Each structure stands twice: as C-alpha cells, then as structure tokens.
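> Provided below are the primary sequence and the corresponding predicted coordinates.
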Amino acid sequence: MKKRIYITRRLPEEAVAPLREQFDVRMWDLEGESVPRDVLLEEVASVHALWTMLSDTIDEEVFERATELEVISNLAVGYNNIDLQAARERGIIVTNTPDVLTETTADLTFGLMMMTARRLGEAERDLRAGEWKSWLPMGYVGMDVHQATLGIIGMGRIGEAVARRARGFDMNVLYHNRTRRHESESMFGFVYSDLDGLLEKSDFVVLLAPLTEETRGMIGAEQLAKMKKTAILINVARGEMVDEQALYEALKENRIWAAGLDVFAKEPIDLNHPLLTLPNVTTLPHIGSASIQTRLAMMAMNREAIANVLEGREPKNRVT
Ligand code: DGY
C-alpha cells in the first residue's frame, strides 16, 4: 500500500505531481483558505507525512492523533508553528526550507526599508485616490536610506544578505546576534553591538531573528524608547517579537518615525487593528519569500524531504 501524504494548502500541481506516483497524496484544495482545524485533525490521523504552512499550528493536539506520522515538512524557514518537543518525543522528523529563500527575503526586506523610509505606499495610495494636486516642495519627504545606520537584530543568513545589500547604499551596518560573526566583521566591516547600543544608534532597526522564547516580545515600550525619534522599525521575522500596542503608541506619538511590517502577531491582521490607522506604518501580507522561483524551490525542498523520509533516506534540513 502507498504511504499517505497530506498537504494543508493548495499548491501548484507541478510542485506536487512528482510525489503522486509513489504516494497517495491528498491536499486541502480550497484556494486562499487554510485547512480548517477539524479537517487537519482528521487527516493527520491516517497519514505518514504532513506538508505544512507557517500558518498551521502543529501542536500537541495534532501530534496525539498522528499515530502513523513520520515527517512534517514546513514551507518556511521558520518553524515556530510546530511543537518541536512533541515531534522529538515521538521521533517525528521536522524539516524546513532554509537557504533558497535567503536572497529573496533580503530583497523584500530592503524593499520594505525603501518603502517605509521614502513613504512609497502612502504616496502611491494618495495618487490613486486623486490626492496628488501639485508638486510640493515638502510633499512626501521621507528619510534617506543611503549612508544611514542599519541595525540588524538576528544576523543569520538573511541578515547577512540584507547587510551585503546595505553596502551598496553606503550604509553603516551594526548587528546584534547570539554569536559574533567574526568573518563578516573583518570581511565586510559589519560591527557587533549590544542590543541597547544598536537601538540607540540605528536609523533602521531590522528584525530578522527566529521567534523563540528569548526573542518573543523583545521589542516593547522600553526598547522603542531607546530608538531615535527619526528611526524606522522593520519586521520581516515574526510578529510576536514586537509588542504591537507599544509600537502603535510609539508611532502615534511620533516617538519613532515609522515602521515597515511584513508580519503580525495575528495573521491576517484584523482590519480594525490600530496600527492600520497610522500613516507612518507600511504593511505587507507576509510576503518575504514570495517570488515564483523561490516558492517553487522551497516546495521542491519539502517534496524531496518528504520523499526521502518515506523511502527510508536521510532528508536535508532536519530541525529535529
Ligand atoms: C519563513 O519562511 O519563515 C518566512 O517567514 C517566509 O516569508
């Protein structure tokens, strides 16, 4: 009998087709919608592999039913949506999709910095709404990106890729990370800083660390108060790293200049969320890795990992 795979979102057929010959593949097939919890709980009870999205919560309740499960492959580099401890206890392999999304996510990060600093979203929205009446000497003036100080919190692969782009803009790069990156320091001139120093000196504070117990809520009222009045906060990591209420207050009272957010504590963000009322916030719907090439490459990684585990081979990119 063929081993069974469940995919929790509709994926392009070209990404799934290579699995269909050897395995029995089922997929939640409603375009634009996450798999309902009761369907996920029912499906997981009989499958050997689960191909998950970062929007799926794979917790103890899911694992309790997963009596046949051998592997979970998550379509993301982050895997904070999966209870790794529960997976380890049951010997279930979890894999993710690092590396292939590094440059694409760095492009988006830089784009969001530009959008936020130069008020591109606001300007474009106004133009379409017929608000562009004439050229104004101080209309839509923003902050310069070139020669500014960039502070990166979480200097992993994506952080380094953003920092490399910053060199082309003559920016000074500070970083804060659990471990020092001595090679990048000497090769590119990136400067290590403690968190407070980075917050105080940076024109852009960019969050790129994984969500862990250590980084959850790491940017709150106290940290925002340390930032310059002209500083911009960029979050392309995970929404839960920022206290959104404290951020709202800091932005509303112009204690920092702006924020660019690709991620939110609750996704999708509620349309009546106070952050969405502020002109100095640029928001995107969690599209860090969203290029056609990268998403297909991520899917290929998931597909290979699943096939490898189900056929008794060691998969790449294990996180358990
Ligand atoms: C990831 O892969 O974890 C990113 O959040 C995708 O943008």
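Thanks, I have it. Residues are numbered from 1 along each chain as shown.
> When you work out contacts or count neighbours from here on, use the C-alpha atoms and nothing else.
Fine.
> Name the residues that touch the helix or strand hosting L251?
In the assignment (DSSP states H and E), L251 maps to helix 244-252. With C-alpha atoms under 8 Å, 6 or more residues apart in numbering as the test, helix 244-252 has contacts from 220-221, 224-225, 256-259, 265, 274-275, 278, 280.
> In strands, which of those appear?
Counted as lying in strands by DSSP state E, out of the contacts of helix 244-252, are 258-259.
> Next, give phi and psi for the most centrally placed residue in the chain.
The centre of the chain sits closest to A237, judged by C-alpha atoms, centre = their mean, with a distance of 4.0 Å. Main-chain torsions, A237, degrees, to the nearest 10: phi -100, psi -90.
> Could you check how many residues crowd around the residue of the stretch 1-150 of the chain found nearest the ligand?
Relative to the ligand, the nearest point of the stretch 1-150 of the chain is A76 (3.1 Å; C-alpha to the nearest ligand atom). Neighbour count for A76, taken as other C-alpha atoms under 10 Å: 21.
> what secondary structure does it sit in?
For A76, the secondary-structure state derived from DSSP: H, G, I helix; E, B strand; the rest coil is coil.
> please renumber so the chain begins at 43
Sure thing, new numbering starts at 43, so read that last one as A118.
> hmm, back to that, output the contacts of helix 286-294 as TSV; include the columns distance to Y182 and pLDDT.
Below are these laid out as TSV (distance: C-alpha to C-alpha, whole Å; pLDDT from 0 to 100):
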residue	distance to Y182	pLDDT
G262	28	98
A263	28	98
L266	24	99
A267	25	98
I298	17	98
W299	13	98
A300	13	98
A301	16	98
A307	29	98
P316	22	98
L317	20	98
L320	15	98
N322	11	97
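> closest to the ligand among the contacts of helix 286-294?
Nearest to the ligand among the contacts of helix 286-294: A307, at 12.4 Å, using C-alpha to the nearest ligand atom.
> That closest one contacts N277, correct?
No - in this structure A307 lies outside contact range of N277 using C-alpha atoms under 8 Å: 11.1 Å.
> more neighbours, these two?
Neighbour count, other C-alpha under 10 Å: between A307 and N277, N277 has more, with 26 against 13.
> Could you tell me which residues of the chain lie near the ligand?
Within the chain, the positions near the ligand by C-alpha under 6 Å from any ligand atom are 118-120, 328-331.
> Turn the residues you listed into a markdown table, columns for distance to I195 and pLDDT.
Formatted as a markdown table, those follow (distance: C-alpha to C-alpha, whole Å; pLDDT from 0 to 100):
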| residue | distance to I195 | pLDDT |
| --- | --- | --- |
| A118 | 19 | 98 |
| V119 | 17 | 98 |
| G120 | 16 | 97 |
| H328 | 18 | 98 |
| I329 | 19 | 98 |
| G330 | 16 | 98 |
| S331 | 19 | 98 |
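> Go ahead and build a ChimeraX selection from the buried members of those.
Those of the residues of the chain next to the ligand that count as buried under 16 or more other C-alpha atoms under 10 Å are selected in ChimeraX with:
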select :118,119,120,328,330,331
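> which residues touch the residue in the stretch 243-362 of the chain positioned nearest to the ligand?
Residue of the stretch 243-362 of the chain nearest the ligand, by C-alpha to the nearest ligand atom: G330 (3.8 Å). Residues counted as contacts of G330 (C-alpha under 8 Å, 6+ apart) are 146-148, 150-151, 278, 304.
> Which residue ranges make up each domain of the protein?
The chain resolves into domains spanning 46-141+334-352, 144-325 when parsed by automatic domain parsing.
> Put together TSV for these, with distance to V361 on each row.
Listed next are the domains of the chain as TSV, based on distance: least, C-alpha to C-alpha, whole Å:
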stretch	distance to V361
domain 46-141+334-352	5
domain 144-325	13
